[in-house]
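*Asks:* I'll drop the sequence and a predicted model, then ask my questions.
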Amino acid sequence: MRDLRLAVNGEDRRYLVVTPDGVTGPAPVVVALHGAAQTPESFRAYFGLDAAAAAHGLVAVYPEGEGRVWNDGRPAAMRLKMMLRPGDDVAFLVALARRLAEDGIADPARIYLTGISNGGFMVQRMACEHAELFAAYSSIMATAPANYREECKPDRPIPIQFIHGTADSVIAYAGFWTPVGATLSAPESARLFARINGCGASTQRALPDLDQTDGTTAVQRRWEACRDGAAVELISIDLGGHQPPARVDTKPDLATPFLGLRSRDIDSGEEVWRFMSAFGGAGSPQAGAGAVPLPPPSPLRGNRAGAVVRPAAAVDQRGISTQ
């Protein structure tokens, strides 16, 4: 495990790179975004991705959000961002993908993005704004912001997976509405991306109940026959709480006993890689990911050391509301 830094638009950003024994680059890389208030270390111990990385020859990368949060695409008031320091997270993740390819860690055609909760919302923002950057996406415990019905206009079809518990009390499976913004339900979120991708009809199947003591079961719904070979998938965890499923040993994170049931019928790392591994490779549009231009600094950041401040009118602020 290496603890690395990357300077982006005047910010000193941090990320962990975990390379299993015997894996040499350029290799497939899964970039995993933590939930709000987590550190890369606590998220790594809790999520369980390392086991899947070792089993399948992947590199796992754990970036850190500025202030341990991500500047995702929901309205600011829904993310408590008015009280928290915003980061130039889109620019950071673009620069991170570029650096991983330049350093020979990542095969640029096989860089993938997953995340949970606040990190899952950030995954969707990147899918909408930088569809060309990652070969596939997985959003766990996060539904689509309602504003994405008008604002999400990716440059290509997006292979994307959703995993969500029906009893999630933090990010409701059925979606929620506030005067300052709303989120879609988990099924509506998947259907939104299926429409964006021009997919055909969905199919559904119950997944094996491998642990009958965990109080949960799982159902997979999948949309295929999408443009350019993309796919959309929703795994619904019946009675699952605000926790990513795991069948491997993990360390409990802060407040996890209060977040509801954690499914042991499926494993997040294994399911994420099963979905993602079908995308990318030679000839993929992600082969040029290292050349993606770095977005300009957010005008909301102020003039920090090393930052280049652009006039607000010159910057696309979609998804970046007043913080």
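*Replies:* Thanks, I have the structure now.
*Asks:* Now do the contacts for Trp273.
*Replies:* Residues near Trp273 by CB atoms under 8 Å, 6 or more residues apart in numbering: 30, 52, 56, 58. Placement of C-beta: from N, CA and C, glycine included.
*Asks:* Show me those residues that map onto helices.
*Replies:* Among those, the members falling in helices are 52, 56 (criterion: DSSP state H).
*Asks:* biggest separation within the contacts of Trp273, which pair?
*Replies:* Longest distance between any two of these is 9.5 Å, between Val30 and His56; criterion CB to CB.
*Asks:* so what's Ile247 up against?
*Replies:* Careful, residue 247 is Arg; it's not Ile. 48, 210-211, 264-267, 270.
*Asks:* Please apply the same query to Ser169.
*Replies:* Per CB under 8 Å, 6+ apart, neighbours of Ser169: 241-242, 259-260.
*Asks:* Restricted to helices, list the residues you listed.
*Replies:* Among the contacts of Ser169, no member falls in helices (DSSP H).
*Asks:* Tell me the confidence at Asp72?
*Replies:* At Asp72, the pLDDT value in this model is 88.
*Asks:* Same question for the one 4 residues further on.
*Replies:* According to the predicted model, the pLDDT of Ala76 comes to 68.
*Asks:* Same check on the one 3 residues further on?
*Replies:* In the prediction, the pLDDT value recorded for Arg79 is 62.
*Asks:* How is Ser139 assigned, secondary-structure-wise?
*Replies:* What DSSP: H, G, I helix; E, B strand; the rest coil gives for Ser139 is strand.
*Asks:* That one touches Val123, doesn't it?
*Replies:* Yes. Using CB atoms under 8 Å, Ser139 is in contact with Val123, at 4.6 Å.
*Asks:* what sits in contact with each of those two?
*Replies:* Joint contacts of Ser139 and Val123 (CB under 8 Å, 6+ apart) are 114-115.
*Asks:* number of nearby residues for Ala106?
*Replies:* 28 (other CB atoms under 10 Å).
*Asks:* My guess is it contacts Val23. True?
*Replies:* No. Counting by CB under 8 Å, Ala106 does not reach Val23; the two are 11.5 Å apart.
*Asks:* Mutual contacts of these two, please.
*Replies:* Common neighbours of Ala106 and Val23 (CB under 8 Å, 6+ apart) are Val59.
*Asks:* tell me the contacts of Arg74?
*Replies:* Counted by CB under 8 Å, 6+ apart, Arg74 has contacts 121, 145, 147, 181, 183, 319.
*Asks:* Tell me the one among the residues you listed nearest to Ser189.
*Replies:* Nearest to Ser189 among those, with distances taken as CB to CB, is Thr183, at 7.9 Å.
*Asks:* check contacts around the closest one.
*Replies:* Thr183 touches 74, 78, 143-146, 171-172, 175-176, 189, counting by CB under 8 Å, 6+ apart.
*Asks:* Which pLDDT value belongs to it?
*Replies:* pLDDT at Thr183 comes out at 95.
*Asks:* ok, now how distant is it from Gly120?
*Replies:* Using CB to CB, to the nearest Å, one gets 11 Å for the distance from Thr183 to Gly120.
*Asks:* now do Ala186
*Replies:* To Gly120, Ala186 is 11 Å away according to CB to CB.
*Asks:* These two: which is more packed in?
*Replies:* Ranked by neighbour count (other CB under 10 Å), Ala186 and Gly120 place Ala186 first, with 29 against 26.
*Asks:* related to what we said a few turns ago, by neighbours, which of the contacts of Arg247 wins?
*Replies:* Ile266 (24 neighbours).
*Asks:* what's the helix or strand for the residue nearest to that one when sequence neighbours are not counted?
*Replies:* In this structure, Ile266 finds its nearest non-sequential neighbour in Pro245, 4.7 Å apart by CB to CB, 6 or more residues apart in numbering. Assigned by DSSP states H and E, Pro245 falls within no helix or strand.
*Asks:* cool, and Asp72?
*Replies:* With DSSP H and E as the criterion, Asp72 is inside neither a helix nor a strand.
*Asks:* Can you get me a residue count around the spatially closest residue to it that is not a sequence neighbour?
*Replies:* Sequence neighbours aside, Phe121 is the residue nearest to Asp72 in space, at 3.7 Å (criterion: CB to CB, 6+ apart). Other residues near Phe121 come to 29 when the count uses other CB under 10 Å.
*Asks:* sorry, back to before: for my notes, please list the contacts of Arg74 in TSV and give distance to Arg195 and secondary structure for each entry.
*Replies:* What follows is the contacts of Arg74, written out as TSV (distance: CB to CB, whole Å; DSSP: H, G, I helix; E, B strand; the rest coil):
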residue	distance to Arg195	secondary structure
Phe121	19	helix
Pro145	16	strand
Asn147	15	coil
Gly181	21	strand
Thr183	17	strand
Gly319	20	coil
